[in-house]
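Colleague: Quick one, fold the following:
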Amino acid sequence: MNVPGVRYDETFDCWVVTDPELVRRALRDPALSAQTLEAATVAFLPPEVRAECAPLLDALRRWFVTLDGEPHRERRQAVAHLFATRRIRELDDVLTGIADAAVGRCAAAGGGDVVPAIADVVAARGIAALLDLDGVAHERLNDWARAVSAFLATSYRADRARAAQAALDEMAASVLDVPGAMPTVAPGDPAERLATASMLLFGGMETTSGLVGFALWYLVSNGLSDRVAADPSGAEADAVVERALELFAPVGHVARLALRPVPLGDAEIPAGALVMVALHGEDVLAAPGMPTRCPAHGPARRDHLAFGGGPHFCIGAPLARAIATSTVTAFARALPDVAVQELRWRDNPTFRGPATLVLR
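Modeller: Reported below is the predicted structural model:
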């Protein structure tokens, strides 16, 4: 039964929820489990690839974003201190320095593609600062995150599973051997440390890079640089970031598995069904519809679903906002007169953002 905001897709044998209020209910409902790895990912892999990529799948099974109840709370609590308000404030000067340096190099070059030059850099260096991984080049961090996100978005592709496994192997050799890195993340347990590091690096970089790309496009397209640069309070930069989150959620959807029949609106989702819960208000199985024209500037709202909701609300939201705000501020001050020359979106329907954003 299809009702407004909820539909069943026969091709993919799953339900799709798009209505914002029903999305909020779905994200809070304990009968809709986050433990979808087997149904949404492992089930699509041939047995020989599952065996070959067993360490990757083991790490993904340990991610707290794929767990429910007490296991989820325990693992989430173990890293919650990293994202506490006080900790993020302690990083303010570091994040500002990272943004200023990346934007400064771009300004010296007269603009260019700000995705690799700015968005990827601030996302990687920001999460590296949080985890004490400054010794790892940002290009490697970005490559690891991109390999994992490509696999999760198209888990039926054996080549992407193998690429994600290779990225995890590199991460294990690099991250776990960095002296002093992640001292409070699952100390003494290499498997847990690797799983936690891979989850935080993956979740923090791809989504934050997407957010920064969206925010810079929105800033430039609406001619807001002078307003942002002239505001010492940071409120204008905050408004740009929040508006970008509202209009262009960096994560398109999350998956859930019905543990029992779940009424949602006027529909009833049967037990065992896979559910795609949209965070951007669009049908997640429809053809990608990323805009070619930027919406006009308007009041920023904070009741959007860009960071999800319920017990799995994104733990990294404060860091993502801080990185994006510092970058928007630095960009507005250093490059106030640029214009968009080229825009191309990622082909990843789940982890969204500009693939190319050339500004001159």
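Colleague: Spatially central, which residue of this protein would that be?
Modeller: T207 (2.5 Å; C-alpha atoms, centre = their mean).
Colleague: Which of the helices or strands spans that residue?
Modeller: helix 190-221 (DSSP states H and E).
Colleague: Likewise for A123?
Modeller: Here A123 sits within helix 120-131, counting by DSSP H and E.
Colleague: how many degrees apart are that helix and helix 190-221 in direction?
Modeller: 140 degrees (axes from the mean of the first three to the mean of the last three C-alpha atoms, to 10 degrees).
Colleague: hey, C-alpha coordinates of helix 120-131 in PDB?
Modeller: Listed next in PDB are the C-alpha coordinates belonging to helix 120-131 (Å, rounded to 0.1, in the frame of the first residue of the first chain):
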ATOM      1  CA  ASP A 120      38.400  17.900   1.000                       C
ATOM      2  CA  VAL A 121      41.300  19.500   2.800                       C
ATOM      3  CA  VAL A 122      39.300  21.100   5.700                       C
ATOM      4  CA  ALA A 123      37.200  18.000   6.200                       C
ATOM      5  CA  ALA A 124      40.200  15.600   6.400                       C
ATOM      6  CA  ARG A 125      42.400  17.900   8.400                       C
ATOM      7  CA  GLY A 126      39.500  18.700  10.800                       C
ATOM      8  CA  ILE A 127      38.800  15.100  11.700                       C
ATOM      9  CA  ALA A 128      42.500  14.400  11.800                       C
ATOM     10  CA  ALA A 129      42.900  17.100  14.400                       C
ATOM     11  CA  LEU A 130      40.200  15.600  16.400                       C
ATOM     12  CA  LEU A 131      41.800  12.100  16.300                       C
END
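Colleague: Which SSE is immediately downstream of it?
Modeller: Beyond helix 120-131 toward the C-terminal end (DSSP H and E), the next one is helix 138-153.
Colleague: tell me the mean pLDDT for that following helix?
Modeller: Helix 138-153 shows a mean pLDDT of 93 in the predicted model.
Colleague: and what of stretch 216-234?
Modeller: On average, stretch 216-234 scores 98.
Colleague: what's the answer for stretch 14-25, then?
Modeller: Per-residue scores along stretch 14-25 average to 95.
Colleague: For E246, see how far away the residue nearest to the centre of the chain is.
Modeller: 15 Å (C-beta to C-beta, to the nearest Å). C-beta here means a position set from N, CA and C on the backbone, and glycine is covered the same way.
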